[in-house]
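**Student:** Show me the folded form of this:
(one chain, ligands or ions: 1)
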Amino acid sequence: MRQIFPVLCLLAANAVHAAPDSMAFTVSMPQPATHTLHVQFRCEGLKGELQDFKLPAWSPGYYGIGDYARNVFNFGAADGSGHPLPFERTARNTWRVVAANAAAIIIDYDVFGTTSFAANTYVGYDRAYLSPSGVFVHAAGELQHPVTVTIQLPAGWKQVATGLEPVPGKSGVFEAPDFDVLYDCPILIGNQEYLQFSIKGVPHFVAIENVAPQVSRPRMLADLQKMVETATRLMGDVPYRHYTFLMMGRGNGGIEHLNSASIQFAGDRLNTDPEYLRWLSYVCHEYFHNFNVKRIRPIALGPFDYDQENLTNMLWVSEGLTVYYQDLLLVRAGLMTRAQYLDKMAAAIGAFENSSGRHYQSATESSWNTWNSGSGVGVDRNVAISYYNNGAMLGAMLDLKIRESSGNRRSLDDVMRGLYKKYYLEKKRGFTDAEFRRECESAAGAGLAEVFSYASTTREVDYTKYFLMAGLKLESAPGEANGAYLGVDTDTQEIPPAEMPITAGRGGAMRGGPGGRGRGGAPATRLVVTDLAAGSPAETASIKSGDIVVQVNGQLATAMELSAALLAAKSGDSIRLRISRGGVEQELEATLAANIARTYKLSLVGAPSAGQAAILDDWLRTAQ
Ligand SMILES: [Zn+2]
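**Tutor:** Predicted structure coming up:
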């Protein structure tokens, strides 16, 4: 498999690709303020009349098809003597070069990067972030080839932070055993703070941008160290030679990688305890992914197919169980209290139980559909769930049931260690849905049909039974939540080609602009009312099931626009909806009601049995 420990892989790959074959990138940013970087790719040893060069259609860890080639300009190809080679675009992400068996092919292109996001490349006057899928082309069929990257720093920049292996004695030169590793190693460049700690002699680098100066750096390092120690102790291994946290203190969005993580957050807000704890939990999530998803992984998630979606039912395992462990590890590291943990778990249950999407979509369906809906965040939350918080609850139920069935001798920790050993270290592959279930049931020594049915169906979850295994009771009560209530379920549906508006201005519910395509080339969509609650403000306002919502308060209607309008309103406010029914548009106004949601609380039962107390103490232990 490709995603094994880089150094071992390098040895194996070098044996196959002996010199003088080489693949080498040079990245320069002569004018970073123009948001442009220049890439030169020199390939030696390729044979053939034609050679395809491709960018991936997506980026590891971000489950959505992108269009990185649209940011590539001034593409050119030449042979080793500088004579131009003809080329043509044969697909969105493919350049076909007439190489005519040239001994060397040199590709040159510019990459434009204006959006600062963990899955995008950004270049600015003072910093650059290279998301490798959008920067580095590969020769088709040559993903296994070793590759080097030379970064030429603009004047005044001093720092390159990346999981790539530095080439000894060559400043700014890095190597990867293959393109899978290259595509899993983003590169942060500029003048970041650069801190370091070690675990079992393995260096962990922390590149920091825009974190308020009053946030104690020693505290950050000490807490990250406790977090990594707790995670590696749980798994019994430190599976990399070095690890790099790319702490980008602006924006929002994190992506895990093989031995690094790109983490965007509001660095100016970390000086309050709740925000700091939220940040630690989020960092712990991205860090624990180096085990769960990068190494312990569903079989669909590596080796990757970079040309299309890599579909799996198990993102609730890869993402949801990572959410479960992100906080459990903080409890065990002494960084989160039991009470904070239980409050957060109860809030996640509330978010799930109060969502209408739970009646429509299971965790396995949410996993499968994520490529259409944007990395776990449903296009329409009314009919979709998040495998993040649902997966975390399923993790808790699996863990508690395994503990109860095995007399607290085994837990989900044993499952994770077993998957790591059996599938990552020994079989060197991912696991199937059935193999994952088998590992869980073998740890429990019993069937786990009910928990797995919660993952694959929309049936009601009996939380009470599971939390009682640890002597905890779950109570809930109706209360008034933020925002206001309309009482509609909606669905974001593709517009059939025959009904596609001719101009961008008509049929205002269309997403995606004049091209008629949405995110990543997704079809244009519209917001459709699928259900109404009896006696709701929507029903009183004569909204009907099947209505197409065109505008919300005068704005283009999307699920997010509707949600935001309801969240910003309060009981008694009105909302204006322009709807289309049978091809006729009309304006309707509804008076919103109070948003009643159930709140949940987890607390200890009065007199737990010895078995319940043992499970609770072992589950939420602080292990220093
Ligand atoms: Zn994640």
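
**Student:** just the strands in the stretch 101-250 of the chain please.
**Tutor:** Assigned strands in the stretch 101-250 of the chain, in chain order: 104-112, 122-123, 128-130, 138-139, 147-152, 159-162, 165-166, 173-176, 187-190, 193-199, 202-209, 243-248 (criterion: DSSP state E, counting those that start in this stretch).

**Student:** can you redo these as CSV with distance to Asp618?
**Tutor:** Yep, even glycine has a C-beta here, placed from its N, CA and C like the rest. Listed next are the strands of the stretch 101-250 of the chain as CSV, based on distance: least, CB to CB, whole Å:
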stretch, distance to Asp618
strand 104-112, 51
strand 122-123, 45
strand 128-130, 41
strand 138-139, 47
strand 147-152, 46
strand 159-162, 38
strand 165-166, 39
strand 173-176, 41
strand 187-190, 39
strand 193-199, 24
strand 202-209, 28
strand 243-248, 28
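
**Student:** how distant is stretch 101-113 from the center of its chain?
**Tutor:** In terms of CA atoms, centre = their mean, to the nearest Å, the centre of stretch 101-113 is found 30 Å from the chain centre.

**Student:** buried set for that stretch?
**Tutor:** Residues of stretch 101-113 classed as buried by neighbour count (16 or more other CB atoms under 10 Å): 102, 104-107, 109, 111-113.

**Student:** Give me the pLDDT for Pro166.
**Tutor:** Note for Pro166: predicted pLDDT of 98.

**Student:** what's the answer for Met500, then?
**Tutor:** The model reports Met500 with a pLDDT of 62.

**Student:** 20 is where my numbering starts, stick with that
**Tutor:** Will do, 20 is the new start, and the previous item becomes Met519.

**Student:** for Ser555, what are its contacts?
**Tutor:** By CB atoms under 8 Å, 6 or more residues apart in numbering, the contact set of Ser555 is 504-507, 612.

**Student:** Need the max-distance pair from these.
**Tutor:** For these, the farthest-apart pair by CB to CB is Val507 and Ala612; their separation is 12.3 Å.

**Student:** Tell me the spacing between Val312 and Leu296.
**Tutor:** For Val312, the distance to Leu296 (CB to CB, to the nearest Å) stands at 23 Å.

**Student:** okay, the buried residues of stretch 120-132 in TSV with distance to Ile170 next?
**Tutor:** Written out in TSV, the entries for these read as follows (distance: CB to CB, whole Å):
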residue	distance to Ile170
Ala121	26
Ala123	22
Ile124	22
Ile125	18
Ile126	17
Tyr128	16
Val130	13
Phe131	18
Gly132	15
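
**Student:** can you put those in JSON lines and add distance to Phe60 and pLDDT?
**Tutor:** As requested, the buried residues of stretch 120-132 are arranged in JSON lines below (distance: CB to CB, whole Å; pLDDT from 0 to 100):
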{"residue": "Ala121", "distance to Phe60": "14", "pLDDT": "96"}
{"residue": "Ala123", "distance to Phe60": "11", "pLDDT": "97"}
{"residue": "Ile124", "distance to Phe60": "8", "pLDDT": "98"}
{"residue": "Ile125", "distance to Phe60": "7", "pLDDT": "98"}
{"residue": "Ile126", "distance to Phe60": "4", "pLDDT": "98"}
{"residue": "Tyr128", "distance to Phe60": "8", "pLDDT": "98"}
{"residue": "Val130", "distance to Phe60": "12", "pLDDT": "98"}
{"residue": "Phe131", "distance to Phe60": "17", "pLDDT": "97"}
{"residue": "Gly132", "distance to Phe60": "17", "pLDDT": "96"}
